[in-house]
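S.K.: Attaching a predicted model along with its sequence, questions to come.
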Amino acid sequence: MYERVYRFNEPAFSPQPDLRFLYLSESHRRVLEMVECAVHERSVCCVIGAEAGIGKTMLIRALIQRLDEHMRAGLVNCMPDSELSFTQLAASAFGLDTANACTSEMNQCLADYIAGLS
């Protein structure tokens, strides 16, 4: 319905964020700048918390797109229920193959990957 009203050729709202439809409100712009600053200052952790559908994933995807080509980023956009699932999600976000690895092997694989980035 909104596609017709706003004359969109395709749906702008879908489960998978599409950066072509990114609109940076003043508050979105501020958050993006703060997270970008945290990344460039090599902060250990940066958390964005907000209600579902507010644009958190879209902002992080925009940030990843803005990163220098020598920087690597992995996106984990769901709350894992254990250390194992976080490690699996993080390894997958960086394209690491840990399908048949136990938790300690996955942790080591991820640590080796991160250590190799510097």
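M.R.: Thanks, I have the structure now.
S.K.: can we go C-alpha only for contacts and neighbour counts from here?
M.R.: OK.
S.K.: I'd like to know which elements the helix or strand that contains A115 is packed against.
M.R.: Per DSSP states H and E: A115 is located in helix 103-116. In this structure, helix 103-116 packs against helix 83-93, with contacts taken as 3 or more Cα pairs under 8 Å, 6 or more residues apart in numbering; DSSP states H and E.
S.K.: re the thing from before, off-centre distance for the helix holding A115?
M.R.: Distance of helix 103-116 from the chain centroid (Cα atoms, centre = their mean, to the nearest Å) equals 19 Å.
S.K.: how about it: buried residues?
M.R.: 106-107, 109-110 (16 or more other Cα atoms under 10 Å).
S.K.: now Y23: how far from F94?
M.R.: 27 Å (Cα to Cα, to the nearest Å).
S.K.: next one: C46
M.R.: 18 Å.
S.K.: For those two, indicate the residue with more neighbours.
M.R.: F94 (16 against 12; other Cα atoms under 10 Å).
S.K.: Count the neighbours of the residue nearest to the more buried one when sequence neighbours are not counted for me.
M.R.: Distance criterion Cα to Cα, 6 or more residues apart in numbering; nearest residue to F94, sequence neighbours excluded, is G74 at 5.4 Å. G74: 15 surrounding residues under other Cα under 10 Å.
S.K.: Please apply the same query to V35.
M.R.: Neighbour number of V35 under other Cα under 10 Å is 19.
S.K.: Tell me who's in contact with F8.
M.R.: Y2 (Cα atoms under 8 Å, 6 or more residues apart in numbering).
S.K.: quick one: pLDDT of it?
M.R.: The model reports F8 with a pLDDT of 80.
S.K.: For it, what is the enclosing helix or strand?
M.R.: With DSSP H and E as the test, F8 turns up in no helix or strand.
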